[in-house]
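what would the 3D arrangement of this be:
(2 chains)
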Amino acid sequence: MLALLIVGSFVLLSATYGQGSRGFQRGVSSVFSPVQSAADRALKPARDLVGWFDQTFDARGENSQLESELVIAREQAVAGQEAMHENAQLRKLLELDRSPVLAASAYDEVTGRVIARSPTQWRSSVTIDVGDGDGVRVDDPVISGDGLVGRISSVGPGSSQVMLLTDHASAITAKVVPVGAQGVIKPEVGNPEDLILDFIDSTTEVHRGQTVVTLGQRAQGLTSLFPPGLPLGEVTKAPIVEQEANEQVDVRPFADLRNLDLVQVLTGGSRG
Amino acid sequence: MILTPKIVARIAAIGFLGVLLQLSFFSRVELFHVSPDVLPALVVCLALLGGSLTGAVAGFALGLFIDCLLVEALGITSLVLLGTGYLAGLFRERFEFHGLLVPALLCMGLTLVAELGFAAAQLLLGVDAPISLLIVRDMLLKSVYAFFLGWPIYLLVRRVLRPALVEEPKVQRRRQPTVLGA
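Here you go, the predicted model:
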């Protein structure tokens, strides 16, 4: 029996690894997505409670200013933090919708809620409660109010999987503004607060604090999946030695990828 | 453990609930920037009560289910949790234990084994990005969380599967002595 299960695992792995089409899994995921959605809503107060404890631990080592902010945060929690948070996220998304970047690229925005998250850092993905019935397609860009989050990796009738920027298979062409240095944004597996802008031109000097946006390149018949100019992150470490030797700098993503709740899928637009 | 259709249904319900809680709750909360992973601990508890075969089958099924829900390549999680369940079951068959410390320690140790196994599988399949040392912190903290979560999970699973447990001693109620003439 044990041998059968082991062989079964390897057979499944061989059959499904690297395959784009996974109809059976999409079917299962879609069947259970309403249950996941309900569980997500039911468990939100409990998640907020644990989040409050986590923030409290973090704030312990901070100065008195942060402590006073924590007091304010607690008051907000009592006054219906959940609703305020959701409202703020929707407003930010609305602001990004009105930005010239998205207005010019003629995308339609579909708002979705995160209903599940992968338990391991090796696979960085979330499940959202919108699917192909809402117009979502594979490879559509996904944003939060702060910037790019990732892209759609799989779509079912009522739910979709989003491959986050921090997934090891993610790679996005990007440029640093205003200097214009171009490169590829890749994650550092295990560290969701750090991305690496790799393959940058070592003759262009990049500095800490500069903004990184999507390049949205179109070259030799290849088109980027992302519209140009979507905010990605901020350069946090850019030592000259590193730039010259490894052609890379460190970037902190604008979007809080560990605490995603509401996101928008950009559907149907002209890419690149 | 005596496996009847009713008990299998109960195990399936525990697994379903465990996966649902993992995806909707535990994966989305963080303490010290690390999310707990309760699935290896759940498989360990099922294996400690049911033996190596129950543990292996439960691990395989849970892995398959979670990979289906996340639309990931099938097989990796199944293989890792299958091994975890089998090892826990083997421990139960070789050694006798009492109290709750052993299950909690096993949850901790085997969660670390599962995390290492998953990392090894991913590395063998290829990782297209640099790997941060923070992944080690992630694995260690997940194991520590499994220690603390292992207790309630074990108690809960034991309670749900009590009718099937052979060695579970029956709760005896002591009758109050009747005082004559009172």
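
nearest to chain B: which residue in the stretch 1-150 of chain A?
Residue of the stretch 1-150 of chain A nearest chain B, by CB to the nearest CB: residue A:13 (3.0 Å). All C-beta atoms are positioned from the backbone trio N, CA, C, and that covers glycine.

what number of residues lie near that residue?
Neighbourhood size, residue A:13 [other CB atoms under 10 Å in any protein chain shown]: 18.

which neighbouring elements make contact with the host helix or strand of it?
In the assignment (DSSP states H and E), residue A:13 maps to helix A:2-16. Using 3 or more CB pairs under 8 Å, 6 or more residues apart in numbering or on different chains; DSSP states H and E, the elements in contact with helix A:2-16 are helix B:52-69, helix B:76-94.

how far does the shortest one sit from its chain's centre?
Between the mean C-alpha location of helix B:52-69 and the chain-wide mean there is a distance of 11 Å, by CA atoms, centre = their mean, to the nearest Å.

check contacts around residue A:236.
A:194, A:208, A:250-252 (CB atoms under 8 Å, 6 or more residues apart in numbering or on different chains).

sorry, that was for residue B:108
Applying CB under 8 Å, 6+ apart, we find residue B:108 in contact with B:143-144, B:146-147, B:150.

for residue B:26, see how far away it is.
16 Å (CB to CB, to the nearest Å).

same deal with residue B:49?
21 Å.

between these two, who's got more neighbours?
Higher neighbour count among residue B:49 and residue B:26: residue B:49, with 25 against 22, using other CB under 10 Å.

could you give the angle of the helix or strand that contains the more buried one to helix B:52-69?
Secondary structure assignment for residue B:49, by DSSP H and E: helix B:39-50. Calculated by axes from the mean of the first three to the mean of the last three CA atoms, to 10 degrees, helix B:39-50 forms an angle of 150 degrees with helix B:52-69.

by contact count, what packs against helix B:39-50?
helix B:5-24, helix B:52-69, helix B:76-94, helix B:101-125, helix B:134-160.

let's have the ones you listed in a markdown table, adding mean pLDDT.
Shown next, in a markdown table, are these (pLDDT from 0 to 100):
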| stretch | mean pLDDT |
| --- | --- |
| helix B:5-24 | 92 |
| helix B:52-69 | 92 |
| helix B:76-94 | 92 |
| helix B:101-125 | 92 |
| helix B:134-160 | 93 |
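
tell me the buried residues in stretch A:31-45?
Across stretch A:31-45, burial judged by 16 or more other CB atoms under 10 Å in any protein chain shown covers A:32-33, A:36-37, A:39-40, A:43-44.

before we move on, the earlier item: what residues does the helix holding residue A:13 touch?
Contacts of helix A:2-16 (CB under 8 Å, 6+ apart): A:22, A:25, B:52-53, B:56-57, B:60, B:63-64, B:73-76, B:78-79, B:82, B:86.

what about residue B:7, how many neighbours?
Per other CB under 10 Å, the neighbour tally for residue B:7 reads 18.

domain parsing for chain A?
A:2-58, A:99-272 (automatic domain parsing).

and the residue nearest the centre of chain B, how close does it get to residue B:22?
Note on chain B: the residue nearest the mean C-alpha position is residue B:42, at 1.8 Å, using CA atoms, centre = their mean. Note on residue B:42: its distance to residue B:22, by CB to CB, is 8 Å.

residue A:192 now?
From residue A:192 to residue B:22 the distance is 18 Å (CB to CB).

next: residue B:127.
Residue B:127 is 23 Å from residue B:22, by CB to CB.

out of the two, which sits in the more crowded spot?
Between residue B:127 and residue B:22, counted using other CB under 10 Å, residue B:22 has the larger neighbour count: 24 against 14.

surely the more buried one meets residue B:69?
No. Judged on CB atoms under 8 Å, residue B:22 makes no contact with residue B:69 at a distance of 9.8 Å.

quick revisit: so which of the contacts of residue B:108 comes closest to chain A?
In terms of CB to the nearest CB, no member of the contacts of residue B:108 lies closer to chain A than residue B:146, at 11.9 Å.
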